[in-house]
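Trainee: Here is my input; please provide its structure:
(chains A and B)
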Amino acid sequence: MAEGALTKAEMAERLFEELGLNKREAKELVEQFFEEVRLSLESNEQVKISGFGNFDLRDKKQRPGRNPKTGEEIPIKARRVVTFRPGQKLKARVEGYAGTKQ
Amino acid sequence: MTKSELIDRIAGKQTQLSSKDVELSVKAIIEYMSQVLAEGGRIEIRGFGSFSLHYRIPRIGRNPKTGTPVSLSGKYVPHFKPGKELRDRVNLSLESYPG
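Mentor: Got it, this is the predicted structure:
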C-alpha cells in the first residue's frame, strides 16, 4: 500500500478504476456504505459483515470515576459503545502479516 | 444488519446504480479494507473510525481440554477505534433505543 492510511477518497478512486463507476457515484457509494452502518448501529442493531467482522453494541453501566488531575470523584455516566470483533477470515489474513511491530 | 441487508438498504436509496453495481461495490470496499489490514496498513474514515493492527506478544497458552502447554507465536490482530461522530450517535441512541 502507498504511504498513509486507506481513506474514503482512495476507496472511491478504486471503485472508479476497477468497477467503472463515475467519480461522483463512487464517492456517494462509499459515503452511503459507512452511513448505513452508522444508521444501523444508532438503531441499536448489530452489523455483521461476513468475511470481515461484526460491529456489536455494549451498554455500560454508570460507574464511579475520578478526575485524574484533581482526584475529585465524578461518576462516569451510563453509555452505549461500539466494539468490533474481527471475523475468522480477516483474523487469519492479518495473522500472516510479518511486518515490524507497531 | 448483514452484508446482504447492507447491500439492499443502499440499493433502495440509490438513484443511479443498479443493485448489481451496489453489490459489487460493497464487496469491493470490504475487500479493499481487508487487503490493507493484511498488508499491515491502517484505515481512517472520518466520522466513523479507524482500523489498525495491534501486536500480541508470544506466549505460552494451554490446550483447554488437556491442559498441555502450547507455545503461541506473536501475531497481529485487527483493532477498531470508533470515531467521534459514531461514538456520539450510538451513545445518544441509549435514550431512543433503550437496551
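Trainee: what's the helix or strand for A:Ala9?
Mentor: Using DSSP states H and E, A:Ala9 maps to helix A:8-14.
Trainee: at contact distance from chain B, anything in that helix?
Mentor: Yes. Helix A:8-14 is in contact with chain B by Cβ under 8 Å from any Cβ of the partner chain, via A:8, A:10-11, A:14. In this view, the C-beta of every residue, glycine as well, is placed from N, C-alpha and C.
Trainee: Name the member of those residues that has the highest neighbour count.
Mentor: Taking other Cβ atoms under 10 Å in any protein chain shown as the neighbour criterion, A:Met11 ranks highest of those with 25 neighbours.
Trainee: ok now do it, which residues does it touch?
Mentor: By Cβ atoms under 8 Å, 6 or more residues apart in numbering or on different chains, the contact list for A:Met11 reads A:26, A:30, B:29, B:32.
Trainee: So the top helix by length along chain A, near chain B or not?
Mentor: Determined from DSSP state H, the single longest helix within chain A is helix A:23-41. Yes. With Cβ under 8 Å from any Cβ as the criterion, chain B is reached by helix A:23-41 at A:25-26, A:28-30, A:32-34, A:36-38, A:40-41.
Trainee: Show me how far that helix is from its chain's centre.
Mentor: Relative to the chain's own centre, helix A:23-41 is displaced by 13 Å; criterion: Cα atoms, centre = their mean, to the nearest Å.
Trainee: go on, stretch A:10-20?
Mentor: Taking the mean of its C-alpha atoms, stretch A:10-20 sits 20 Å from the chain's own mean (Cα atoms, centre = their mean).
Trainee: List the buried residues in it.
Mentor: Going by neighbour count (16 or more other Cβ atoms under 10 Å in any protein chain shown), the buried part of stretch A:10-20 is A:10-12, A:14-16, A:19.
Trainee: And the residue nearest the centre of the chain?
Mentor: No chain specified, so I'll use chain A. The centre of chain A sits closest to A:Phe84, judged by Cα atoms, centre = their mean, with a distance of 7.0 Å.
Trainee: right idea, wrong chain: chain B
Mentor: B:Phe80 (6.7 Å).
Trainee: Parallel or antiparallel, which strands does the helix or strand that contains A:Pro64 pair with?
Mentor: In this assignment (DSSP H and E), A:Pro64 forms part of strand A:63-66. Strand pairing for strand A:63-66, using DSSP bridges, gives strand A:73-76 (antiparallel).
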